[in-house]
Each structure stands twice: as C-alpha cells, then as structure tokens.
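Asker: Structure here, sequence nowhere to be found:
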C-alpha cells in the first residue's frame, strides 16, 4: 500500500501568449516545469493540483533516477496507496512562475536582453500563480480539478483557485494556511528580505553577472524562517539548551546545538536557492489578502466560490495559527459552502503540514477517498 | 508627585584590582559609568540598584542638561514620587561591563595595545556583571542594597544577586525575566549574531581600525529583536496590515507600515550601538542558567538566597513568558522564600516592562513602599 511512486520525470511546457500580472507587468512568454503522477481518466475528472509553499517546487513525490535521496517534498502524502492516492488521482505538481527550479524566474534568460532577468523580473502574486496554473491545466486538457491542495503559501493558492476559477475546482484543501499574513509574519519576511537586499553580493538583484550569490543574506533569511516554522516546544524537545561540546566556549563559534542546526540549514539553503525567488515568494505571501478588495470582509471574497473545502490547522503552528484557519472556515460558512475543518494536535509548529501524523493523514485520506469516489 | 528628577550627571569610577571573569579571562582594570539619584541615608540602608537589559545603560532616569529629549530609559518608573521613589531611595544605575555607553567595553582602548579591544574583549556573563556591580557598591559604601531591580536581562542580574551575594540584597525585583533562555530565544539571538558576524564591515570585531561599522548586521539584529519584544497583537493594533502609500507597490521599497517602523528602528540603532557589545549582551543572555550547575534543578540554585522577591510577568510576553516567571516563583517557594508574584494583563509583549501600566506600576509602588518603610 505505502509504496513510493518510484522514478519520476519532470516535464516542461512553454506558453507563448502573454500573461498580464497583477502588478501590471506583461510577460510575453513563460515556461513551467511540472511533474504528473498517476493517470488522467477518460472523463478527465480525477486531476489533483498540488501547490507548493515558499521553498517547494514541482517535485512533490517520487525520486529522480540519478539520486536515491531525491524524494519529493510531499512523498509521505502523495503516492500509490497514500492519502492522496496516485492509483486514483492524476496528480500535478508545478514549479511556480518566478521559481528557481526550472520554471521561468529571475535567474532565467530574458529573451529581450540575452541576460538573466535578475532585478527586472516582476513581482508575482498568488493570483498570478493561479492564472499560470490554469494555463497548465488547459495544456493538460483538465477543465476542472477534482481538488487543488496546498499547505502554507500553497494553501493560499488553493483558496485563490476557489475564488478565481470557481467552476474549475471541485474541492479545495487548505492546510496550515491563513486568509492573509499577520503583521508579525510580514515583519519576519521583511527582516529576511532586508538580509538579502543589503548583502553586498546581491548587487541589486543582478548578482548573476557578478558570478556571486548573496549567500550571507539568504542564509540569515533561512535561519530566521526555520525558527518560525518550528514551535518553541518542538525545538525544546529536539535541541533544548543542549551544548555542542558539553561546555560553554565563551566565544562566537557554535555553542548550542540549535546554532549548529540553524547554521547548517542556512548554509545548505544559501547555495541551493535563488535569492530573487526567495524575495518574490515572501512578497507573494505578504500580498495575499482576498478580503482586501472587499473592505476587509473575507466572506465577500468567497461569494462566488462553488467548491467544497477541507481546512486543516495544527495546534502548535504559531506562524499560521488555528485561529487564522478558523477565520477561513467562518467566511466559507457565511457563504453556506460545504466545509470540513480539523485542528490537528501536533507539536511540530508550521512544519507539521509536511510531517507524518496519523490523525492528519487519516483526515486527508478520508476526504480524498470521498473525492475519488465522486471522480470515478 | 510625578515630577522628573530633572538634570542628572553621569559619574565614573576606575577599579584597579583585576577581575577574573567566568570565562577565565582576567581584566587588570576596568571602569564603570553610573548615575545616582536621591540621597544615601546615614544607615546606608536605602540603596536600590537598577540593572539594565540588552540595549539599556546607566541613564535610568532624569535628563541631561544639553538634551531635553534625553529622558532615562525608565524615567516613568524612577523619580520623585514615582514607583521607585527617589525621595525615599538612593537609586544607582550602571552601564554594564562590556557596554558601549562609557563603561569599559569592546570599543574602549586596551591599555596593553593602545588600540580598541575589539575582538579581544572577553565575553562577560551575568555573574561577571554582578561582581563588577558589587565593586561599585563597595565604592559607594553600600554593604547591602535595599533592592536590586531589573527587567528582562536586568531581571536575570537581580536574580543572580540573590544567588551570588545573598546577604547584600534584601529584596529582588525580577520583572519580565526568566530562569534561562528558551532554545527559541537562543535561536533568535544566533540569527542576530550571525547577521553581525557575517557583515563584511565587522572585520572580525576589529572594525574600529577600518573606520567602518557593521551597520547592515546591527540593523538586521535590531529589526529582529523588535519583533520579539512586541506581541503579534500589539503590532496588529499599532500597524495592522496598513500600507505606507495606501496601495501595493509590487516592489521591495517600504510597503507596509510595519516595514517602515522596523527599518527606521534598525537604522537608528545601527549608528548608535556598538556591534561587539550587542554580541556580548546576547551571549550573556544565552549563558544565564543558574540551574545549570545543579543538574537543572532551579530550586537548588536558590538554596543560599536570603532575599524577598517580587516577580512580575506580562500576559502577552512571548519572549519571556509568564510560564518562565512561574518557574522562578516555584523555585523560590521550594526554598520557603518570601515571594510575591503578579502576572500583569498587558498587550505590549516583552516591552511591557518599560511601559506605563496602572496595575504594573501600582504593584511595584506597593512593594517598594514597603521596602522603603523597612529601610527607614
């Protein structure tokens, strides 16, 4: 039952008709990389789109042939016999526009200049992503998704699908998400951005030409991010006040185990992720606010929605707290939409949505089994 | 009643006998700047020491003659007729060893080299500060303080006084404090430190010689610090998701009001505070852990304590939460010490200890009035 997908292969599609972004900028053409798992049925009624969060990508599940360690970021959730069952569903993972894993983004070559976009790459929003994902659906011949699923920033995209394309998505799964960022989250994002923007190696976003990367800034951004993904409790359980060498050094080298962990995570990320993409992802998070166009009334933002919803939150998630998920639920109920809600007891903070938890996976499985029955 | 102290003048004292720090390093001599308010009575029984937190200093209350905006950092708490009443008490404020407001610190000239200490200035601990403050007490002819008072890191010093010098302090006021930092706090501190340490203008701590300051790093550290001093609620009330220009810019300039606030605070701090002192203060926070020498049993750390205690926490303080203050109270009660505890309902987060709150000030006033009656 719990088999992996095995080897998967990314695909690529180029869209040659222009896309007008929320910012007003027009991209004449763009490419998206994506992966698909399972088979699209004849009725094309079993497609599920998985939207990724800040540092995710199209590689949701399975492995690449050349790297046995390359499990997709949601391999515990998506696969044959798993909660999102690829024996039942045709699952689509896509690297978002502006990403750094193959889709057109700041590091891509701008055909107009022959150089990387860099600072000229436009800011993109959750709405823009949904539009680009709709193009991908068209390309794949999918008129309506059985479900659009995402955690965190991915959950925001799933919610936006219900708003932008109410007839193209039957079910929305918004996990560890929020109707917008709190000001505290915006503040953390801005510190992360300032770390990157003020790194001398950032060169105003055009670091590619200088053959450097703003490692210091990206490393700090990632270290800070990690603190907010974890709960104080889970950090206490995993690291406590444990000392790397058992004694105080009275210096600035690694002293506590948590420092070692964060610096390692920061260093690793800094060489693997594009700084401009990081900036752009945090802005997309900041901007998402469907109630903004409706005088702050979230219920009105969902007035046109037709989907059914599963909303899931985690008790220890202080970045996207259960209270924020309840706001979503309330707004959906105000529109007499069909919504299921579960608050999962978990100590892993915001990262809980990526973890294996029996209750959490059972809830997703039960919901998706029902989606599958509808789709067949 | 609520008059200010008016003009105050800092003083300076040099200690020529060596001090051996916790790290094992010996400082042959050091200077401390301090201020005193009110009059030491004949019995020398009315002295109150105020210990400062991370970015504080000796200028606790009153004003400097050349600057009407120069109110001390606790001017709302300390003064004639105020909760810590300078008509009753002889109040002492001191800039901690390693500070950057006049006491010997990393920017001071090392007499051995004729150059600023910089990277060679030793890491100091809360214990070291208490020892240096005891020397100041000797200098002022104070055998026993009526009270040692501090908030946050200042509260840690007050607690350490009760442990290190049980017969030299009759009352300890530990406000918005903790028996040690949680791992989450250590993690935030390490991000702040890494921001400074990796700033190219830091030059390994010897930036003075290069005539630059690591502004970028210090600015990030302060921005991050500010987020943790405030509560999510207080930020929401003060800034919400308010936009500086009313519309989205789709760029990286200031967009949300919170960004403007944090960047302003960061910029201001970066030109006023010494980066090495910032590093050293965060390490002192990380190291403070009186239970560490007693297999983690906090009660044993207070076994020798003789003082009475007032412990105060604030409901919205997620950095030094009420739960941490309760640990202190529990450990004191285990030693059958006389302890008063109040949890103040406040929405201002960790910064609450610096704010005027009627209940909070009334509690301090009531306690200190009693201390004053004892001392007279």
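Answerer: Arrived safely. Because the structure is a prediction, the values reported are computed rather than measured.
Asker: Any buried residues in stretch A:247-264, and which?
Answerer: Neighbour-count burial for stretch A:247-264 flags A:248, A:250, A:252, A:254-263 (criterion: 16 or more other C-beta atoms under 10 Å in any protein chain shown). (Each C-beta comes from the backbone N, C-alpha and C, glycine too.)
Asker: Could you see whether chain B lies near it?
Answerer: Yes: against chain B, stretch A:247-264 shows contacts by C-beta under 8 Å from any C-beta of the partner chain at A:248, A:250-252, A:255-256, A:258-259, A:262-263.
Asker: Now for the residue of the stretch 1-150 of chain A found nearest chain B: which residues touch it?
Answerer: Shortest the stretch 1-150 of chain A-to-chain B distance, computed as C-beta to the nearest C-beta: residue-wise this is residue A:23, at 3.6 Å. By C-beta atoms under 8 Å, 6 or more residues apart in numbering or on different chains, the contact list for residue A:23 reads A:122-125, B:248, B:250.
Asker: Spatially, which two of the buried residues of stretch A:247-264 are the most separated?
Answerer: A:250 and A:261 (21.0 Å; C-beta to C-beta).
Asker: Can you tell me which of the contacts of residue A:23 lies closest to residue B:211?
Answerer: residue A:123 (37.5 Å).
Asker: is it true that that closest one touches residue A:281?
Answerer: No: using C-beta atoms under 8 Å, residue A:123 is not in contact with residue A:281, being 10.3 Å away.
Asker: Counting neighbours, go ahead and name the busier of the two.
Answerer: Neighbour totals were compared for residue A:123 and residue A:281, and residue A:281 leads with 24 against 21 (other C-beta atoms under 10 Å in any protein chain shown).
Asker: How about the contacts made by the residue nearest the centre of chain A?
Answerer: By C-alpha atoms, centre = their mean, chain A has its centre lying nearest to residue A:53, at 1.2 Å. By C-beta under 8 Å, 6+ apart, the residues touching residue A:53 are A:150-154.
Asker: what do you get for residue A:320?
Answerer: A:152, A:176-178, A:313, A:350.
Asker: Flag every residue of the stretch 101-250 of chain A that's near chain B.
Answerer: A:122-123, A:180-184, A:186-188, A:190-191, A:193-195, A:197-200, A:216, A:219-220, A:223-224, A:226-227, A:230, A:232, A:235-236, A:239-241, A:248, A:250.
Asker: can you give me how far stretch A:58-75 is from the chain middle?
Answerer: 16 Å (C-alpha atoms, centre = their mean, to the nearest Å).
Asker: For that stretch, measure first residue to last.
Answerer: Across its full length, stretch A:58-75 reaches 12 Å end to end, with C-alpha to C-alpha, to the nearest Å as the criterion.
Asker: mind checking the longest helix of chain A?
Answerer: helix A:358-375 (DSSP state H).
Asker: list the helices and strands that helix packs on?
Answerer: strand A:84-85, strand A:171-175, strand A:308-314, strand A:339-344 (3 or more C-beta pairs under 8 Å, 6 or more residues apart in numbering or on different chains; DSSP states H and E).
Asker: Flag the shaky bits of the stretch 201-350 of chain A, pLDDT-wise.
Answerer: Within the stretch 201-350 of chain A, not a single segment meets pLDDT under 70.
Asker: same thing but 90
Answerer: A:232-233, A:246 (pLDDT under 90).
Asker: Downstream of the strand or helix carrying residue A:194, the next helix or strand is which one?
Answerer: Using DSSP states H and E, residue A:194 falls within helix A:183-197. Later in the chain than helix A:183-197, the nearest helix or strand by DSSP H and E is helix A:215-229.
Asker: Just the buried positions in whatever helix or strand comes next after that next one, please.
Answerer: Using DSSP H and E, the next helix or strand after helix A:215-229 towards the C-terminus is helix A:232-238. Buried residues in helix A:232-238, counting neighbours by 16+ other C-beta under 10 Å, are found at A:232-236.
Asker: what does stretch A:205-221 give?
Answerer: In stretch A:205-221, counting by 16+ other C-beta under 10 Å, buried: A:205-208, A:213-221.
Asker: ditto for stretch A:27-41
Answerer: For stretch A:27-41, by 16+ other C-beta under 10 Å, it's A:27, A:30-38, A:40.
Asker: Farthest-apart pair in those, please.
Answerer: Every pair of the buried residues of stretch A:27-41 checked by C-beta to C-beta; the farthest is A:27 and A:38, at 30.4 Å.
Asker: what about residue A:157, is that helix, strand or coil?
Answerer: The three-state assignment at residue A:157 reads helix, by DSSP: H, G, I helix; E, B strand; the rest coil.
Asker: Who is the residue nearest to it when sequence neighbours are not counted paired with across the strands?
Answerer: Once flanking residues are discounted, residue A:157 sits nearest to residue A:51: 3.8 Å by C-beta to C-beta, 6 or more residues apart in numbering or on different chains. Using DSSP bridges, the bridge partners assigned to residue A:51 are residue A:150.
Asker: and if you look at residue A:11?
Answerer: residue A:34.
Asker: Please work out how many residues are found near residue A:115.
Answerer: 12.
Asker: How confident was the prediction at it?
Answerer: pLDDT, residue A:115: 96.
Asker: what residue ranges in the stretch 1-150 of chain A score low on pLDDT?
Answerer: Using pLDDT under 90, the flagged stretches of the stretch 1-150 of chain A are A:1-4, A:65-69.
Asker: What residue in the stretch 201-350 of chain A comes nearest to chain B?
Answerer: residue A:250 (3.6 Å).
Asker: What are the buried residues along stretch A:163-180?
Answerer: A:163-165, A:168-180.
Asker: of all those residues, which two lie farthest apart?
Answerer: Most distant of the buried residues of stretch A:163-180, by C-beta to C-beta, are A:170 and A:180, 24.9 Å apart.
Asker: Leaving out the residues flanking it, which one is nearest to residue A:155?
Answerer: residue A:177 (2.7 Å).
Asker: Give me the phi and psi angles of the one you found.
Answerer: phi -120, psi -170 (degrees, to the nearest 10).
Asker: Distance-wise, check it relative to chain B.
Answerer: 16 Å (C-beta to the nearest C-beta, to the nearest Å).
Asker: Close to chain B: what parts of the stretch 251-376 of chain A are there?
Answerer: Near chain B, when you scan the stretch 251-376 of chain A using C-beta under 8 Å from any C-beta, you find A:251-252, A:255-256, A:258-259, A:262-263, A:266, A:279, A:283, A:286-287, A:289.
Asker: Report the two of those residues separated the most.
Answerer: Top of the distance list for these (C-beta to C-beta): A:251 and A:289, 44.6 Å.
Asker: Enumerate the positions of stretch A:59-71 that are buried.
Answerer: Neighbour-count burial for stretch A:59-71 [16+ other C-beta under 10 Å]: A:59-63, A:71.
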